[in-house]
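Novice: sharing a model prediction with you, sequence too.
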Amino acid sequence: MAGCHLFHEQPREAHIPHQGKPDPSAAGLRNQKASQLIDTDPGRHVLSMHAAQQSQTRRENSGSFDSISMPHQPPINFSRVSEGLYRSGYPQTPDYPFIQTLNLKTIVTLVNKELPDGYQSFIRDNGITHKIFNMTGTKKEDIPIELMRSIISTVSDINNYPLLIHCNHGRHRTGCVIGVLRKSSKWNIKHIIEEYTTFAEPKVREVDLKYLTDFELTNLLCPSKPQALVAPTNTSRFLGFIIVTVLALFAFYPLGKFRVQESRPKTS
């Protein structure tokens, strides 16, 4: 069935998030954490020196990342997840020139709200497919497994790449989706939690950590369809009626025949 093939091999990368208003000390800490995260997992691709230096230079040279000092500013919490897959907070108008450089094919939005002015026009003018999922996040309620299954199916499909996935701030909802995607790529849970924390700080949610820790990959498998047994279609009901009727006729026919013969008068 289409949509059931959920797992695509994801390059094991971990990139440093871009923050809208960086704190030099916090940026240094994030750099250190990201480096440790990559170094402790031999299966990951090493973060390119160019990307790391560029990210650090932007933090040191720009206090506000405004459109004057940085015409192509990334969205808040922007980072590359793997080749052709990106994550961020909700893109704003000043972010559009940067997003254009990604040559996106798909944008996945995890927030079902009224689109900001110009966002739909930007998406349409650049030929981007926009997929919106109404994901409330673990703080308010459990994430329905059907919803997560649909999101992962979309995000892991390389036919949708280059792809950007985002929520409001690129922290919790996006973090949960990327965490599940990392699990499907056989990441260690320790590194999954570290990556989530890097983007979610200083608002790490314990419910998100529990969700990622307890999540079972078997939940992403396509379920069987017992509905036909529970609620048969009209056609199956009709066929069942015909079968029962035929069996009843065969069962009662000999008895009826016997009674008719018994009632006939004897001839001399």
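Specialist: Yep, that arrived.
Novice: and the strands in this protein?
Specialist: Ranges of strands in the chain, per DSSP state E, are 79-82, 85-88, 106-109, 129-132, 163-166.
Novice: for stretch 182-189, measure first residue to last.
Specialist: Chord length of stretch 182-189, first to last residue, is 9 Å (CA to CA, to the nearest Å).
Novice: quick one on the thing from earlier: would you list the strands of the chain in a markdown table and tack on mean neighbour count, mean pLDDT and distance to V244?
Specialist: The way it works is simple: take the backbone N, C-alpha and C, and place the C-beta from them, glycine included. Output for the strands of the chain, formatted as a markdown table (neighbours: other CB atoms under 10 Å; pLDDT from 0 to 100; distance: least, CB to CB, whole Å):
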| stretch | mean neighbour count | mean pLDDT | distance to V244 |
| --- | --- | --- | --- |
| strand 79-82 | 22 | 98 | 58 |
| strand 85-88 | 24 | 98 | 56 |
| strand 106-109 | 23 | 99 | 51 |
| strand 129-132 | 14 | 98 | 48 |
| strand 163-166 | 24 | 99 | 54 |
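Novice: out of those strands, which is closest to T198?
Specialist: Nearest of these to T198, taken as CB to CB: strand 79-82 at 9.0 Å.
Novice: send the alpha carbons of that closest one over as PDB?
Specialist: Backbone C-alpha positions of strand 79-82 (Å, rounded to 0.1, in the frame of the first residue of the first chain) are rendered in PDB as follows:
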ATOM      1  CA  SER A  79      19.000  23.800  10.900                       C
ATOM      2  CA  ARG A  80      19.700  21.000   8.400                       C
ATOM      3  CA  VAL A  81      18.500  17.600   9.600                       C
ATOM      4  CA  SER A  82      20.000  15.600   6.700                       C
END
